[in-house]
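[1] need coordinates for the following:
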Amino acid sequence: MNIFVLMKRTFDTEEKIAVKNGQINDDGAEFIINPYDEYAIEEAIQLRDAHGGEVTVITIGGEESEKELRTALAMGCDKAVLINTEEELEAGDQFTTSRILAEFFKDKEADIILGGNVAIDGGSGQVGPRLAELLNISYVTTITKLEIDGNKATVVRDVEGDSEVIETTLPLLVTAQQGLNEPRYPSLPGIMKAKKKPLDELELDDLDLEEADVAPKTKTIEIFLPMKKEAGKVLEGELDAQVKELVSLLRNEAKVI
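    Here you go, the predicted model:
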């Protein structure tokens, strides 16, 4: 079984986000594997162990992404691919990412592609579905259970607190939701083995893509932190007096009526 995992390098969840000149300032910030992608990596490894084959983890970014790819290899993935866009692209969006990945998969015989439901930095959840559409394969998002039987897949997906069971066939793309599994930590032997596992590096030229082919379709104008919330007010007195004070506050201070 040919299993592929889409991985993204994101801010550490413990990192305090700083915004400077309308952009996120990542000077000195720590980065990790996107937590939702860890569920995808773990599920891919379990599928390989149960059905055979190999797991290839892929990311798009710069040389610094090798650290997270090596972590995925230490967890148990067999191969890693870095599509290095550091020199060609200053910025990209979900269209950019899915277009690059679609070109990568064009000559691959993927049985199943797994990714995280969302990335914790952007949270759009668009790359998986966009890629599946470009590849013209089935996809199921926010999955919490996956069973493969030959060419058949039975998937349980989270639907706003409820569950939906879907039966489909391979090839298939799924995005992992929290609860799908419990991602493993890289073991010391796994870390040592990861150093010898293949990590291939590609550029846009290797995929027959030009910068114009993957130019973003959207533009972020400005990023800013939410306004600080003021302390709430507790209204006292008779109910009629509280209602009058509330209306006055909504009209004169909050200016919402």
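[2] make it CA atoms for all contacts and neighbour counts henceforth
    Fine.
[3] look up how far residue 136 lies from residue 93.
    According to C-alpha to C-alpha, to the nearest Å, residue 93 and residue 136 sit 21 Å apart.
[4] okay, the two: which has more neighbours?
    residue 93 (18 against 11; other C-alpha atoms under 10 Å).
[5] what's the spacing between the nearest residue to the more buried one once chain neighbours are set aside and residue 255?
    Counting by C-alpha to C-alpha, 6 or more residues apart in numbering, residue 216 is the residue found nearest to residue 93 once chain neighbours are left out, at 5.3 Å. Residue 216 sits 38 Å away from residue 255, going by C-alpha to C-alpha.
[6] comparing these two, which residue is more hemmed in?
    residue 216 (17 against 9).
[7] so the more buried one sits in a strand?
    No - assignment of residue 216 by DSSP: H, G, I helix; E, B strand; the rest coil gives coil, placing it outside any strand.
[8] isn't it right up against residue 96?
    Yes - between residue 216 and residue 96 a contact is recorded at 5.5 Å, counting by C-alpha atoms under 8 Å.
[9] quick one on the thing from earlier: contacts only, for the residue nearest to residue 93.
    91-96 (C-alpha atoms under 8 Å, 6 or more residues apart in numbering).
[10] which of the residues you listed are buried?
    93-96 (16 or more other C-alpha atoms under 10 Å).
[11] so can I have CSV of those showing distance to residue 70 and secondary structure?
    Output for those, formatted as CSV (distance: C-alpha to C-alpha, whole Å; DSSP: H, G, I helix; E, B strand; the rest coil):
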residue, distance to residue 70, secondary structure
93, 25, coil
94, 24, helix
95, 26, helix
96, 24, helix
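[12] reformat those as TSV; add pLDDT.
    As requested, the buried ones among the contacts of residue 216 are exported to TSV (pLDDT from 0 to 100):
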residue	pLDDT
93	90
94	92
95	93
96	93
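[13] of the residues you listed, which is the nearest to residue 166?
    Of all the buried ones among the contacts of residue 216, the one with the least separation from residue 166 (C-alpha to C-alpha) is residue 94, at 25.9 Å.
[14] so who does the closest residue in space to the closest one that isn't next to it in sequence touch?
    Nearest-residue entry for residue 94: residue 127, 5.6 Å, with adjacent residues in sequence omitted and distances by C-alpha to C-alpha, 6+ apart. When contacts are counted by C-alpha under 8 Å, 6+ apart, residue 127 touches 94-95, 97-98.
[15] rerun that using 10 Å as the cut-off
    By C-alpha atoms under 10 Å, 6 or more residues apart in numbering, the residues touching residue 127 are 6, 93-99, 101, 115-119, 133, 175.
[16] among these, who's most crowded?
    Going by other C-alpha under 10 Å, residue 115 tops the contacts of residue 127 with 32 neighbours.
[17] buried sites along stretch 54-71?
    54-61, 65-66, 68-71.
[18] correction: stretch 134-141
    Quick answer for stretch 134-141 (16+ other C-alpha under 10 Å): 135, 138-141.
[19] what of stretch 14-26?
    Using 16+ other C-alpha under 10 Å as the test for burial, stretch 14-26 gives no buried residues.
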